[in-house]
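model this:
(chains A and B)
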Protein chains: 2
Amino acid sequence: MRRFVAHSARNLITRRRNNLTTCVLQHCTFPLRFLTTASPGYLSGHVASAGSASAPPLTLDTINPKVLKCEYAVLGETFILAQRLQQELKENPGSHPFDELLYCNIGSPHSLGQQPITFFREVLALCDHPVMLDRAETRGYFSADAVKRAFQILNHFPGRATGAYSHTQGIKGLRDTIASGIEARDGYPADPNDIFLTDGASPAVHIIMQLLIRSEKDGILCPIPQYPLYSGSITLHGGSLVPYYLDEDTGWGLEISELKNQLETAKSKGITVRALVVINPGNPTGQVLSESNQQEIVEFCKNEGLVLLADEVYQENVYVPDKQFHSFKKVSQSMEYGEEDISLVSLQSVSKGYYGECGKRGGYMEVTGFSPEIREQIYKVASMDTCSNISGQILASLVMNPPKVDDESYESYSAEKDAILSSLARRAKTLEDVFNSLEGVTCNRAEGAMYLFPRIELPKKATEAAKAVNTAPDAFYARCLLNATGIVVVPGCGFGQVPGQWHFRCTILPQEDKIPTIVSRLTEFHKAFMDEFRD
Amino acid sequence: MRRFVAHSARNLITRRRNNLTTCVLQHCTFPLRFLTTASPGYLSGHVASAGSASAPPLTLDTINPKVLKCEYAVLGETFILAQRLQQELKENPGSHPFDELLYCNIGSPHSLGQQPITFFREVLALCDHPVMLDRAETRGYFSADAVKRAFQILNHFPGRATGAYSHTQGIKGLRDTIASGIEARDGYPADPNDIFLTDGASPAVHIIMQLLIRSEKDGILCPIPQYPLYSGSITLHGGSLVPYYLDEDTGWGLEISELKNQLETAKSKGITVRALVVINPGNPTGQVLSESNQQEIVEFCKNEGLVLLADEVYQENVYVPDKQFHSFKKVSQSMEYGEEDISLVSLQSVSKGYYGECGKRGGYMEVTGFSPEIREQIYKVASMDTCSNISGQILASLVMNPPKVDDESYESYSAEKDAILSSLARRAKTLEDVFNSLEGVTCNRAEGAMYLFPRIELPKKATEAAKAVNTAPDAFYARCLLNATGIVVVPGCGFGQVPGQWHFRCTILPQEDKIPTIVSRLTEFHKAFMDEFRD
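This is a model prediction of the structure:
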């Protein structure tokens, strides 16, 4: 086991320091060389710069510097190394001290064996090929409510044309269903015209950033640690990430005093803060906000005139009995705040929850408290890509209106859903306990979402070894872990953290039969690592 | 029929002149007020600006000016008016001088009755719900090659997990299939690592613009007329559209002398031109480039060091025997240019062709002649949205590898495909002839794509009437046409045109049984319009 450090050094990739780093994020570097096999022609080295070329050659010095500056850690260095190791294992079994990669790096449940919810897939298949609905003999192979639902959905499409572009915001009938689902969830009205269906939640984030950011003088308050889509999108659109730190000691608590401090600090630097991003349940941190905390946040945004961008894609992923998900829309409505009080964007996705249908790229944003003229602008930007994919739209309507008690599918649907959620809760607890048993590691519980974000006190010798290979200490730890065990995690530097602290994000998604292997490999590795580097 | 002008005036929408117009595009205005029903709260008018608000209120003056500046005509004013008329007809039949809207505004074949290709939908349904594959009794309802293909495709997904995120560029096995399809089409090798699967072709355009554009001093050569995704994306990313005019008199010819002139003009203004956009077959103009012309274009890009962004989404839509589609990759390979000579991005989409699956949002870009370090940056931007939707990925692999002669589906597949393409050719010819029969109208043939772009000489009285209602003359004509007949077209001002000339884009997509109605309504309207406004 001691050979991991040397092994890690061998795997080191030539890295380029990016001098344009965002204010608060510690960087892990983002080298992608090993991602695809370069065609031989590339090796000749000069491109689009022949002869009398008048345009500047395409180099890192001549592309958009905002592109160069942005980072996306989830598919970054560690992931790329993992892909390489996987390829090496395939070509040369036994070449590494493990026989399979254990991916704990990305919130993609199906890639680790979670099965889709049968009812959802039945409806999708029927909508893709409606001839199966029209024939009694094929219809009989599907549950009665899937058949009924497919008929209802297809009726929302003139001529059943699921192959046509939809309204830019999505098919109206599906938005009606989603609005009803939001009403049922919150107990407050929802307007289908406030819903924009999107390909997953990411495009919604880009649209809002694009709308709000004029220059680096516009700031967006983001939690640290945060899901790096936010830092990446802010950077791409040329704005400033204004960090607010979640308090690890109080279970990743969100303190209003911290928001106020950071807002004032940003103002003193001439930055106009335009929005506050809240991820609830948290990614990568897994905490679930209390309702009273959410009320404070709403009040803060209202008073400061900030758009509240509420990432609520993990709304179905709550694992502890003392916490409950409340949407920010519900909270602000319960405070009797309406359209004129607060601009609110709520994100939902089909990729998370118990469904975990990442590959379908379905999602929506519910947009309230924006004037009609601003809404026109949001619509216009969305309309440039015409509409989101229809299967994703249909699936978004299904997750917001799943089978009900009297439906034929209800029993199997509930069994599938409960099995997934209870298993996730067990896995979260097991991994939390393991992390807390390791020397120098502390880990808050995963109240929700799909992640644990343990903190690791690295010995000075380890941070020096990391420095020697020009790598952040937690990226060094993650790389050593990967090389020694095949376990893939994302180093904390990709999410942001208090300077000098080190973490990594570990999903709770490997199936339960893999958990014992992860536990034993992780424990053994950590002990060996500490033995090697203990001061 | 004469009441259309008054009717049009009644329909006028309060418009705001956008002073930030792009250099060459004439604007039609883009008011979206009627798009969705505003919630009552909006009417109170002030949002996110209560009390001690420190952020500026969200108004058109405080959002990103690039968002305000960009326009997207296809879903613009005329389309929004059409939606309103449709609603009015539904609520109050007989309220307009027509009983249905005839949508000739958007390239969405299925929305006008075109049926999906059966084989494609069989495979999609089987992949959505693989349990149908595993049961002999359900498998029997599908063609043998659809079953075989679904098995093959699912084998590319570890654990058959079509619900997982894929590699950012798309599932490798599907990219292999697409690369083989490109090789079969071109007769030159294609590398699956050069392919990035995307949600339709639009995201690829944004990625490339994002990569290349640093400021308004970076220019992109675009055809005029052009598909407004390009002007919109360039504006959103803060660059300059450098126009080159297609020559209407030579069937929308693309002259290298014009490219050179415009490049020099741009340079003299301090603009660095970085890329050339070519749409072939043309949108909105419908021309198909000759191979020799393509060779000149490749040579030009090579010599000037320009990225060639080849929009080839209409590659299956060629209707005339004297023209043929050649990909720019094939043309540059045939000139023995390789990776080191020219940076080329080729776009393909499942939305067009004979398949027309717009709602599936499938597509890809094939990226050649970029250095590995630039490719890393392209990958990084793409990775922020993780991956494109899997159904769209599967469909993209199917359109690039449809049934072959010996497959069970081949006969029905060919019959469906040929019926669609031959009907499109007939519709193109009929509409071209009608346009050319109208007073003051000339129309080039649609050699390919899905559009005609007739030019209309508007009498001075008509242009003055348009001016009086603060509207571009062709937008005025399109609005009058819509109000009088229910026919929806997109005014030429949304695509760009030689100043002082007027056009509109009309799709060839209404089903053949609708064509006589369109012909008679259009003819009658045009005569009445000219009678009213003839100088």
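
tally of neighbours for the residue nearest to A:Gln511 when sequence neighbours are not counted?
Using CB to CB, 6 or more residues apart in numbering or on different chains and skipping the chain neighbours, the partner closest in space to A:Gln511 is A:Gly113 (4.5 Å). (Each C-beta comes from the backbone N, C-alpha and C, glycine too.) Using other CB atoms under 10 Å in any protein chain shown, A:Gly113 is surrounded by 16 other residues.

okay, A:Gly113 and A:Leu241: tell me how far apart.
35 Å (CB to CB, to the nearest Å).

same check on A:Pro189?
On the measure of CB to CB, A:Pro189 and A:Leu241 end up 34 Å apart.

more crowded one of the two?
Higher neighbour count among A:Pro189 and A:Leu241: A:Leu241, with 23 against 12, using other CB under 10 Å.

so where is the stretch 1-150 of chain A shaky, pLDDT-wise?
For the stretch 1-150 of chain A, the stretches with pLDDT under 70 are A:1-54, A:73-74.

which residue ranges of it form helices?
Secondary structure of the stretch 1-150 of chain A (DSSP state H, counting those that start in this stretch): helices at A:4-10, A:65-69, A:77-91, A:118-128, A:131-134, A:136-139, A:144-155.

compare those and give me the one nearest A:Glu532.
Nearest to A:Glu532, of all these, is helix A:4-10, at 6.6 Å by CB to CB.

and A:Ala275, that one's in a strand?
Yes - per DSSP: H, G, I helix; E, B strand; the rest coil, A:Ala275 lies within a strand segment.

ok, it - how many residues close by?
A:Ala275 has 27 nearby residues by other CB under 10 Å.

next: A:Tyr319.
23.

quick one, what contacts it?
A:421, A:424-425, A:428-429, A:446-448 (CB atoms under 8 Å, 6 or more residues apart in numbering or on different chains).

would A:Phe196 count as being in a strand?
Yes - the assignment for A:Phe196 (three-state DSSP) places it in a strand.

wait, doesn't it sit right on A:Tyr364?
Yes - A:Phe196 is within contact range of A:Tyr364, at 6.2 Å (criterion: CB atoms under 8 Å).

overlap in contacts of these two?
Common neighbours of A:Phe196 and A:Tyr364 (CB under 8 Å, 6+ apart) are A:170, A:204.

the two: who's more crowded?
Applying other CB under 10 Å to A:Phe196 and A:Tyr364 shows that A:Tyr364 carries more neighbours, namely 30 against 25.

please read off the pLDDT at that one from the model.
pLDDT recorded at A:Tyr364 is 98.

name the element it belongs to?
Per DSSP states H and E: A:Tyr364 is located in strand A:363-368.

and after that strand, which helix or strand comes next?
From strand A:363-368 onward toward the C-terminus, using DSSP H and E, the following helix or strand is helix A:372-383.

so that following helix, near chain B or not?
Yes - for helix A:372-383 and chain B, the contact criterion (CB under 8 Å from any CB of the partner chain) is met by A:372-377, A:379-381, A:383.

and whatever helix or strand comes next after that helix, how far from the chain's centre?
Following helix A:372-383 in sequence order, the next helix or strand is helix A:390-399 (DSSP H and E). In terms of CA atoms, centre = their mean, to the nearest Å, the centre of helix A:390-399 is set 19 Å apart from its chain centre.

helices and strands around helix A:390-399, which ones?
Under the contact criterion of 3 or more CB pairs under 8 Å, 6 or more residues apart in numbering or on different chains; DSSP states H and E, helix A:390-399 touches helix A:118-128, helix A:144-155, helix A:172-186, strand A:195-198, strand A:363-368.

make it 6 Å
Counting contacts by 3 or more CB pairs under 6 Å, 6 or more residues apart in numbering or on different chains; DSSP states H and E, helix A:390-399 packs against helix A:118-128, helix A:172-186.

using PDB, write down the CA coordinates of it.
Presented in PDB, the C-alpha positions along helix A:390-399 are these (Å, rounded to 0.1, in the frame of the first residue of the first chain):
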ATOM      1  CA  ILE A 390     -39.300  16.600 -25.100                       C
ATOM      2  CA  SER A 391     -38.500  13.300 -23.300                       C
ATOM      3  CA  GLY A 392     -36.900  15.400 -20.500                       C
ATOM      4  CA  GLN A 393     -40.000  17.600 -20.500                       C
ATOM      5  CA  ILE A 394     -42.300  14.600 -20.100                       C
ATOM      6  CA  LEU A 395     -40.200  13.100 -17.400                       C
ATOM      7  CA  ALA A 396     -40.200  16.400 -15.500                       C
ATOM      8  CA  SER A 397     -44.000  16.300 -15.600                       C
ATOM      9  CA  LEU A 398     -43.900  12.700 -14.300                       C
ATOM     10  CA  VAL A 399     -41.600  13.400 -11.300                       C
END
